[in-house]
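**Student:** Build me a model from this:
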Amino acid sequence: MIDEQKLNAYLERHMDGFKGPLSLKKFAGGQSNPTFLMTAQSGTYVLRSKPPGILLKSAHAIDREYRVTKALCGTDVPIARPRHLCLDEEIIGSWFYVMDFMEGRIFWDPSLPDVARDDRTAIYHEMNRVLAAIHSVDIAALGLLDYGKPGNYFDRQIGRWTKQYKASETEHIEPMEQLIKWISRNIPEDDGKVSLIHGDFRLDNFIFHPTKPKIIAVVDWELSTLGHPLADLAYQCMQWRMPHDSLIRGLGGIDRADLGIPTEEDYIAEYASRMELDNIDHWPFYLAFSFFRLAAIVQGVMKRSLDGNASNKKAQDVGKLTRPLAEKAIEILIEYQKI
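**Tutor:** So this is what the prediction gives:
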């Protein structure tokens with residue numbers, strides 16, 4: 001439990017314009033960093049912290065979230081303005097930061113059942129626009145040239161997530177082993193493309209305007225880094241490949257044309273046009289890599305659940321998705337005749 005009086009006293013001393021008393025209410029969603037609605041006399045905020053317990057190295061990097069969102073203030077990328085970062089674990093038991101609360105809508109179902117058809121189409125155009133905006137920011141001007149390590153992004157990421165997957169492994173999953181071997185042996189030659197990438201670019205990480213099909217904030221920058229922009233695109237495009245009735249809802253098995261939702265091909269083409277790309281090579285690899293990475297992430301959720309450190313009550317159900325995600329990646333590689 002967070003000592004609200006202690007937190008209130010700290011913020012009144014260290015956060016410009018803050019005035020208590022405050023009250024906290026934990027948001028129900030999310031699998032990683034505990035996030036709270038914080039109401040105070042001076043306004044409404046969001047507090048985001050590291051989870052308790054022993055954590056994997058480099059995971060739950062809320063200091064990086066704070067840094068990148070602070071850098072993005074004033075750009076074309078919509079963010080919730082960060083207000084204060086605290087690296088003193090004595091205040092609430094872990095690192096945390098405070099940002100503005102953005103009043104709006106969060107959608108969890110990519111079929112957008114409660115949205116008018118024209119707005120559905122507009123929402124997908126808006127996500128595409130914001131993705132291109134993230135990949136187009138001037139990382140040098142924002143002071144983010146050191147926000148990622150040099151070298152082949154996919155080589156680094158495969159090494160990192162394989163290591164984290166092994167550290168959180170709770171059972172042997174043969175499709176995951178097969179997938180790790182394939183992506184490790186089929187990394188495309190480095191084409192020199194480097195941009196800021198969000199790392200978890202999906203529907204429920206956007207806050208939309210209360211009535212308009214407009215994103216007012218992109219949230220959850222924990223996995224952001226400098227890397228290959230097509231990793232973000234492929235990660236989002238996984239939703240076209242996943243069944244609509246799964247725990248992580250996708251667009252598979254529904255009439256997307258009737259709903260006004262673009263095809264995967266059209267969404268990719270729109271992004272390519274925005275970014276002035278003539279073609280996109282190695283798409284099967286990007287998709288397989290994205291499924292591998294998400295499978296490794298949800299395996300970490302499973303491990304935290306078994307260790308008692310999960311942020312969400314559905315953590316074990318999410319953790320059970322590791323195998324089907326790896327199996328889906330293998331299906332895609334078979335579809336493209338890559339294995």
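
**Student:** The residue nearest to residue 121 when sequence neighbours are not counted: how many residues sit nearby?
**Tutor:** Spatial nearest neighbour of residue 121, excluding adjacent residues (C-beta to C-beta, 6 or more residues apart in numbering): residue 260 at 4.2 Å. Every C-beta, even on glycine, is put in place using the N, C-alpha and C of the backbone. Applying other C-beta atoms under 10 Å, we find 17 residues neighbouring residue 260.

**Student:** Low-confidence ranges, the chain, go.
**Tutor:** 29-32, 52-60, 310-313 (pLDDT under 70).

**Student:** I'd like the next helix or strand past the longest helix seen in the chain.
**Tutor:** Counting residues, the longest helix found in the chain (DSSP state H) is helix 283-307. As assigned by DSSP states H and E, the chain's next helix or strand after helix 283-307 is helix 315-319.

**Student:** Put the alpha carbons of that next one into CSV.
**Tutor:** Coordinates of the C-alpha atoms in helix 315-319 are reproduced here as CSV (Å, rounded to 0.1, in the frame of the first residue of the first chain):
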residue,chain,number,x,y,z
ALA,A,315,-1.8,-12.1,-15.6
GLN,A,316,-1.7,-15.9,-15.6
ASP,A,317,-4.3,-16.0,-18.5
VAL,A,318,-2.2,-13.6,-20.4
GLY,A,319,0.9,-15.6,-19.7
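
**Student:** Give me the buried positions along that helix.
**Tutor:** 315, 318-319 (16 or more other C-beta atoms under 10 Å).

**Student:** who does the next helix-or-strand element following that helix touch, helix- and strand-wise?
**Tutor:** Following helix 315-319 in sequence order, the next helix or strand is helix 322-335 (DSSP H and E). Secondary-structure packing of helix 322-335 (3 or more C-beta pairs under 8 Å, 6 or more residues apart in numbering; DSSP states H and E): helix 174-185, helix 283-307.

**Student:** How are the helices of the stretch 101-250 of the chain distributed by residue range?
**Tutor:** 117-136, 153-167, 174-185, 229-241 (DSSP state H, counting those that start in this stretch).
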